[in-house]
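Undergrad: Okay, predicted coordinates and the sequence, questions at the end:
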Amino acid sequence: MPPAPVNLVNLEATSLAYGTRTLLDAVSLGVAVGDRVGVVGRNGGGKTTLLRVLARREAPDSGRVTHTGDLRIGWLGQQDDLDPTATVHDVVLGDRPEHDWAGDPLVREVLAALLPAVPRDATVGPLSGGERRRVALARLLVARDDLLLLDEPTNHLDVEAIDWVARHLAARASALVVVTHDRWFLDAVATSTWEVQGGRVHMYEGGYSAYVLARAERARIAAADEARRQNLLRKELAWLRRGPPARTSKPRFRIDAANALIADEPPPRDRLELERFASARLGRSVYELEAVSISRGGRTLLRDVDQHLGPGDRVGLVGLNGAGKTTLLRLLAGEVLPDTGTVSTGRTVRVAYLTQEVAGPESGARVLDSVERVRRVVDLGKGREVTASSLLERFGFAGERQWTRLEDLSGGERRRLQLLRLLMGEPNVLLLDEPTNDLDIETLTVLEDLLDSWPGSLVAVSHDRYFLERVTDVTWALLGDGRLALLPGGVDEYLARRRAGVGGAGSAPRGGAVAGSAPRGRAVAGPGPAGGEPLAGGAAVAGAGPAGRRGDTRAARKELARLEREVDKLTRREERLHADLAANATDHERVLTLDAELRDLRAERDRLEERWLELAEQPDA
């Protein structure tokens, strides 16, 4: 058997409380070499505290935190600690001589991907929030630390930069613990998930998709969760199953029980019914843009754009930071006018615009009062109504929390309240600018559930790829050249186009080369094997003709079926071994023999599952 991995950090019976709130309650865990852990949980539940304790930036009230002797830790907090008077070069590279870092492939890759448009002699102070985040990330990633502890690393990054960071982290040898609400990012980088809840840390294998699957299975077996939470998990699983098999990092034979939960679950939303309902409320047209051009600061953001938004359309808007996404939302909201061209708005449009800024609290007002001032009861359609108090509870304001003064709310709670007040106004058009900022995953699933039954038109700007794919049906992209392009392949097609036309994430766009679209929800592969020519979307022909590929596909499918049968046999043997262990619990020698057999069996099953995953990820397997 291979040796057990070495733990870099250990927490032993660690507890920590702030006042009467216990964030960690006798938590014991370890981070080993090669671990890639995603940390999830509600805002204020202790995720950042756990990260700080792991890093020894905060001492626990009791228990012990140990590090290996020469452990090098890379830390990225939610707020950067950059010296505003320093240059970008000083922050990222320090006093390393140019002949040293210029010949380092890692440094060159990080600089090209994260800081292509930021001069190295620029002073940090005047940089934007997004640029400062890139500088902080670059400083972290050019080092060769043993363990990376990252708190919301995707904040202020666009979808392209997030894609690069995910691929880079997945290829690094460093162990990783990351706190993030970005579910796509979790699936891309994490091989295990920790949920921080009620002072405890619950551990799951796999990224976000596997975590959702495991939670649903646990709820099914224990029957402990209330019906509303079950329904949310089922809808989440139904969405995951509609995507590619690679969304869930578990083989088919591992998710049969969870699939039983959603066998009869309809799609998350009935698109045709919502479009009919929206048409009744909005008429035939919502927005018509004709030959619209807008320039800001000498840059052309939109050039002769013609676009139509109809009733019930759900659009995700992507593009580089500064490409004009917020400007386009403000144009639709009527806050800015085009330099040339016209924007026609439907007569019955009632728009709600969520900006990135969180409004300041009303002095002395309380949570429930602030919502009921907008509306006491909201109509969800089909005769369904919900009160302000009920919606507040769904958004995490339960019981006495509804009577909290607004000035006492956290940033995340204010963001939740801002969203809820917009929805209580019963708009028929929603314009959302980075709606996932400061929201935890549980709140995001509640928001997505509400939007599933909301009958109106929606345009959402977000760096949260999972949210975009979950709540929108089409993708528009601002490609940096004034065009507003419709991308049938969604975010994957956008990233493929950017990779074909530029060198790294965040680079200034170049016109010309455009890659073909990839199916929505599937990752775009890189160059094909040696001797193969890349196809549109990144696939490649490796020299074999169609008949050869069909033969390979049949062989792969046969091996997949064989592997599933073998794993099924091993699973049944494991059940029998567990029964034998229970029956011989008092026979020490017999228990040792059975335990050794069980470990061998699990190692063999893991080997088969790894092979299954290799085959399952091949095209057309």
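TA: Thanks, I have it.

Undergrad: quick check: mean pLDDT across the helix or strand in which residue 431 is found?
TA: Assigned by DSSP states H and E, residue 431 belongs to strand 429-433. The average of the pLDDT scores along strand 429-433 is 93.

Undergrad: can you check stretch 569-582 too?
TA: 78.

Undergrad: and for it, what are the contacting residues?
TA: The contact list for stretch 569-582 (CB atoms under 8 Å, 6 or more residues apart in numbering) reads 253, 591, 594-595, 597-598, 601-602, 604-605, 608. The way it works is simple: take the backbone N, C-alpha and C, and place the C-beta from them, glycine included.

Undergrad: Least confident of the residues you listed?
TA: Scoring the contacts of stretch 569-582 by pLDDT puts residue 253 last, at 51.

Undergrad: that older thread, ok, of the contacts of stretch 569-582, which come out buried?
TA: With burial judged by 16 or more other CB atoms under 10 Å, the buried subset of these is 594, 598, 605, 608.

Undergrad: Can you tell me which of these comes closest to residue 99?
TA: Closest to residue 99 out of the buried ones among the contacts of stretch 569-582 is residue 608 (49.6 Å), distances taken as CB to CB.

Undergrad: In this structure that closest one contacts residue 567, no?
TA: Yes. Contact criterion CB atoms under 8 Å: residue 608 and residue 567 qualify, at 5.3 Å.

Undergrad: Tell me the residues that contact both of the two, please.
TA: With CB under 8 Å, 6+ apart, residue 608 and residue 567 have no common neighbours.

Undergrad: Could you grab the helix/strand/coil label for residue 166?
TA: helix (DSSP: H, G, I helix; E, B strand; the rest coil).

Undergrad: tell me which element the closest residue to it other than its chain neighbours falls in.
TA: The shortest distance from residue 166 to any residue other than its chain neighbours is 3.9 Å, reached at residue 188 (CB to CB, 6 or more residues apart in numbering). In this structure, residue 188 sits in helix 183-189 according to DSSP H and E.

Undergrad: Past that helix, which element shows up next along the chain?
TA: Counting by DSSP H and E, what follows helix 183-189 is strand 192-197.

Undergrad: Show me what counts as buried in that next one.
TA: For strand 192-197, the neighbour count (16+ other CB under 10 Å) marks 192-196 as buried.

Undergrad: Which stretches in the stretch 201-350 of the chain count as helices?
TA: For the stretch 201-350 of the chain, the helices defined by DSSP state H, counting those that start in this stretch occupy 208-222, 227-242, 256-261, 271-282, 325-332.

Undergrad: Pull out the buried residues from the first one.
TA: It stands for helix 208-222. Quick answer for helix 208-222 (16+ other CB under 10 Å): 208-217, 219-220.

Undergrad: Show me which of those residues is closest to residue 333.
TA: Nearest member of the buried residues of helix 208-222 to residue 333, counting by CB to CB, is residue 208, at 32.1 Å.

Undergrad: is it true that the closest one touches residue 180?
TA: No. Counting by CB under 8 Å, residue 208 sits too far from residue 180 to count as a contact (9.5 Å).

Undergrad: number of nearby residues for residue 393?
TA: 17 (other CB atoms under 10 Å).

Undergrad: same thing with residue 599?
TA: 11.

Undergrad: now do residue 391
TA: 20.

Undergrad: Residue 6 - nearest residue in space that isn't next to it in sequence?
TA: Nearest non-adjacent residue to residue 6 (CB to CB, 6+ apart): residue 33, at 5.2 Å.

Undergrad: what about that neighbour, how many neighbours?
TA: 14.

Undergrad: Check residue 297 too.
TA: 6.

Undergrad: With residue 145 instead?
TA: Quick note: residue 145 (other CB under 10 Å) scores 16 neighbours.

Undergrad: Ok, residue 339 next?
TA: Neighbour tally, residue 339, other CB under 10 Å: 14.

Undergrad: how near is it to residue 329?
TA: 17 Å (CB to CB, to the nearest Å).

Undergrad: Ok, residue 483 next?
TA: Taken as CB to CB, the span from residue 483 to residue 329 is 17 Å.
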